[in-house]
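Student: Here is a sequence with its predicted model. Questions after.
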Amino acid sequence: SAVISQKPSRDICQRGTSLTIQCQVDSQVTMMFWYRQQPGQSLTLIATANQGSEATYESGFVIDKFPISRPNLTFSTLTVSNMSPEDSSIYLCSAIGETYEQYFGPGTRLTVT
Amino acid sequence: AQSVAQPEDQVNVAEGNPLTVKCTYSVSGNPYLFWYVQYPNRGLQFLLKYITGDNLVKGSYGFEAEFNKSQTSFHLKKPSALVSDSALYFCAVRDMGTNAGKSTFGDGTTLTVKP
């Protein structure tokens, strides 16, 4: 199994600022993803983080708003840019291991004021 | 396109009784199916998976699920529920033939086990 850590665990940010969330996996994984989740609701996939190249974004999400990096197999960052209150959510990092299980980080709870 | 349906927003059972959380799916190819549990203020934890082989799969914490291809279902079950099983449960499907490994998650089912 893989253990995923994220930081920060939570943050309160001002409108118009940016926040970068870091995700570290303790073992090699095949794929990494970033999700958004409102408390008690389902997950919305933001993008697939590709190692050494541009992320693949889902419909409704764009690179200018959510730039993602993945410089190596086990580390990725998600930046939430020019934040508005609508960006308040839980952001989850996720990775798929070699035996197909998908692992999740504990999440970053973002509040934009 | 792939999709998952969890028809029940909420399931309530008494401690010690069997529980079932329902899931149906749709994929164009062969499905990989998963169940995850999320406790309050925590990330999702993997419970069990079906990739191939035996239709009945066993997972963590005494949970099991049965893959039914004809009914396109993958219901989560446990013979005897515990209060500590109370949580939010997500079913997910992945079509390894397409979508490059992306999973589609259901809307979640809140399980409440009462003492």
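Tutor: Perfect, thanks for sending it.

Student: Wait, a helix at A:E86?
Tutor: Yes: counting by DSSP: H, G, I helix; E, B strand; the rest coil, A:E86 is located in a helix.

Student: residues in contact with it?
Tutor: A:E86 makes contact with A:V112, according to CB atoms under 8 Å, 6 or more residues apart in numbering or on different chains. For the C-beta atoms, the positions are set from N, CA and C on the backbone; glycine is no exception.

Student: Could you check how far it is from A:T113?
Tutor: Separation of A:E86 from A:T113 (CB to CB, to the nearest Å): 12 Å.

Student: Go ahead and confirm B:H75 touches B:C23.
Tutor: Yes: contact between B:H75 and B:C23 holds when scored by CB atoms under 8 Å: they sit 6.0 Å apart.

Student: higher neighbour count, those two?
Tutor: B:C23 (26 against 17; other CB atoms under 10 Å in any protein chain shown).

Student: Now do the contacts for B:F105.
Tutor: A:S42, A:L43, B:V4, B:Y36, B:F90, B:C91, B:A92.

Student: so what's the third one bridging to?
Tutor: According to DSSP bridges, the residues that bridge with B:V4 are B:Y25.

Student: what does the fifth one give?
Tutor: Counting by DSSP bridges, B:F90 forms beta bridges with B:Y36.

Student: Looking at per-residue confidence, what score does B:C23 get?
Tutor: On pLDDT, B:C23 comes in at 98.

Student: and it, what does it touch?
Tutor: Listed by CB under 8 Å, 6+ apart, the contact set of B:C23 reads B:V4, B:A5, B:Q6, B:L33, B:W35, B:S73, B:F74, B:H75, B:L76, B:C91, B:G106.
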